[in-house]
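Chemist: Requesting a structural model of the entry that follows:
(chains A and B)
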2 protein chains.
Amino acid sequence: MKIGVLGTGTVGAAVATKLVEIGHEVRMGARDSGNEKARRWTSGAGRGASQGTFADAASFGDIVFNCTLGTASLDALRAAGAENLRGKVLVDVSNPLDFSKGMPPVLSTLQGDSQGESIQRAFPEVRVVKTLNTVNAQVMGHPERTGGDSDLFLCGNDAEAKSRIRKLLAEMGWKSVIDLGDIRGSRGMEAYLLLWLTLWGALGTADFNVRIIRAGDGLVSASRPALG
Amino acid sequence: MKIGVLGTGTVGAAVATKLVEIGHEVRMGARDSGNEKARRWTSGAGRGASQGTFADAASFGDIVFNCTLGTASLDALRAAGAENLRGKVLVDVSNPLDFSKGMPPVLSTLQGDSQGESIQRAFPEVRVVKTLNTVNAQVMGHPERTGGDSDLFLCGNDAEAKSRIRKLLAEMGWKSVIDLGDIRGSRGMEAYLLLWLTLWGALGTADFNVRIIRAGDGLVSASRPALG
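Modeler: This next block holds a predicted model:
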């Protein structure tokens, strides 16, 4: 499959690398053509990896991943171009975190809204699927780093788009992906980041994730050390 | 131990019932003395159960649980009286959910703030501990309802207060409680409610909770059915 990845940071590189590893052709997009990080990634990632502008990556991909910073995503997507994204599946991995007032960051969205929804509103002809934003970049392509089976979430308005992304996530190693319904599910998935950030501090590692425990799961707990 | 429980709704009744069951003296507080729900609870809960106003319950308890609706909590605590709460441990179970614009509810707090923090600011001489707000009322006193070990969170500025509440939570059946640091941890714990509500809809049950999966946990997964 041809996949565009917008963003050259930690998240973009982690996602793009995994997608190449599992056999896809991936074009990494940056604001400017010839971006140094994108060129470095391309030469390191090997066969199937290429780079270009946001528009190049968007027009290349049948599926496009938004891995840009949350606060820069709408600008990046406008640069990618609505005409290059039309009808495509856009996987929104971004988190609307505002670090401008120091740590801890706050959500840059208003209550009752989300990044996923604002992208879907701005690009009504794109099929937005929100996923992967609830785990660290290194865990996105390596769920085994958490040391046990955990759950990923996904939401979006288009069932066929979610089904395609669910298959891609399975290729990436995700055994359990919980469908949270339409794109409004982004609100909870993004708000959870505030808990994630606090847990990161409390646990001292980003190699963690949540697992939903409910009756009938057949979960057996062995020798679990005390946390916190 | 003498414990005051503010609030006569589902959460107040579930918490107060569990606390009586494990041997504590519990006074349920309502806006008005002789509140019908509080009287019904008292007659059903048996020995150790009593009821009165918010102020009665606050002055009775060495520990006080805030189980009122999030949007009504500051009013309820003012009615309970700063003089009755001074120096005490206040366990804030409330969630700042605003249902006034329909479903799904939104958080009534501003980005960068939380209910836990606003209560601590309004009552600086009270030692606020936020916990239990991340699970359904029926799960609060019966973590086994989720069918497997899961994690509870706790935060607050006072270490001794958190230590006391940790012991009480262990009596209530919670084997793992993760300390998220000072009261600002409330932001993530409350924001998570938006994810919780979406999961409730997706799973079709409120008998669930999260477990934090991280390397070294020794978690063994048996036959787990597919979710979502």
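Chemist: only C-alpha atoms for contact and neighbour calcs from this point on.
Modeler: Noted.
Chemist: Run through chain A and note the low-pLDDT ranges.
Modeler: Filtered on pLDDT under 70, chain A yields the residue ranges A:217-228.
Chemist: Please, where are all the strands along it?
Modeler: Along chain A, counting by DSSP state E, strands occupy A:2-6, A:25-30, A:49-53, A:63-66, A:89-92, A:97-98, A:106-107, A:127-131, A:152-156, A:177-179, A:208-214, A:219-221.
Chemist: Tabulate those strands (a markdown table), appending distance to chain B and mean neighbour count.
Modeler: Output for the strands of chain A, formatted as a markdown table (distance: least, CA to the nearest CA, whole Å; neighbours: other CA atoms under 10 Å in any protein chain shown):
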| stretch | distance to chain B | mean neighbour count |
| --- | --- | --- |
| strand A:2-6 | 26 | 27 |
| strand A:25-30 | 29 | 28 |
| strand A:49-53 | 31 | 23 |
| strand A:63-66 | 21 | 26 |
| strand A:89-92 | 17 | 26 |
| strand A:97-98 | 10 | 18 |
| strand A:106-107 | 5 | 22 |
| strand A:127-131 | 13 | 29 |
| strand A:152-156 | 9 | 25 |
| strand A:177-179 | 4 | 21 |
| strand A:208-214 | 4 | 22 |
| strand A:219-221 | 5 | 16 |
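Chemist: Tell me which residues of stretch A:110-119 come out buried.
Modeler: Within stretch A:110-119, the residues scored as buried using 16 or more other CA atoms under 10 Å in any protein chain shown are A:111, A:114-119.
Chemist: What are the contacting residues of the longest helix along chain A?
Modeler: Longest helix in chain A by number of residues, with DSSP state H as the criterion: helix A:186-203. By CA atoms under 8 Å, 6 or more residues apart in numbering or on different chains, the residues outside helix A:186-203 that reach it are A:95-96, A:104, A:106-107, A:112-117, A:130, A:133-134, A:153, A:155, A:206, A:227-228, B:178-181, B:185, B:187-189, B:191-198.
Chemist: so which of the buried residues of stretch A:110-119 are also by chain B?
Modeler: When contact is defined as CA under 8 Å from any CA of the partner chain, those meet chain B at A:Gln111.
Chemist: Among the buried residues of stretch A:110-119, name the ones in helices.
Modeler: Per DSSP H, these map to helices at A:115-119.
Chemist: Generate JSON lines for those, with distance to A:Gly141 as supplementary columns.
Modeler: What follows is these, written out as JSON lines (distance: CA to CA, whole Å):
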{"residue": "A:Gln115", "distance to A:Gly141": "22"}
{"residue": "A:Gly116", "distance to A:Gly141": "21"}
{"residue": "A:Glu117", "distance to A:Gly141": "25"}
{"residue": "A:Ser118", "distance to A:Gly141": "26"}
{"residue": "A:Ile119", "distance to A:Gly141": "24"}
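Chemist: Would you point out which residue is most central in chain A?
Modeler: Nearest residue to the geometric centre of chain A (CA atoms, centre = their mean): A:Val93, 2.4 Å.
Chemist: can you give me phi and psi for that one?
Modeler: With angles defined as degrees, to the nearest 10, A:Val93 sits at phi -100, psi 0.
Chemist: ok, and the closest non-adjacent residue to it?
Modeler: The shortest distance from A:Val93 to any non-neighbouring residue, by CA to CA, 6 or more residues apart in numbering or on different chains, is to A:Asn133 (4.7 Å).
Chemist: I'd assumed A:Val91 was in contact with the one you found.
Modeler: No. Taking CA atoms under 8 Å as the definition, A:Asn133 is not a contact partner of A:Val91, at 10.0 Å.
Chemist: quick revisit: in the buried residues of stretch A:110-119, find the pair that's most separated.
Modeler: A:Gln111 and A:Ile119 (15.9 Å; CA to CA).
Chemist: if we can go back for a sec, need the strands of chain A in TSV with distance to B:Asp149, can you?
Modeler: Below are those laid out as TSV (distance: least, CA to CA, whole Å):
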stretch	distance to B:Asp149
strand A:2-6	38
strand A:25-30	41
strand A:49-53	43
strand A:63-66	35
strand A:89-92	32
strand A:97-98	31
strand A:106-107	31
strand A:127-131	26
strand A:152-156	19
strand A:177-179	20
strand A:208-214	7
strand A:219-221	7
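Chemist: Quick one, which of those gets closest to B:Val26.
Modeler: Using CA to CA, the nearest of the strands of chain A to B:Val26 is strand A:208-214, at 30.0 Å.
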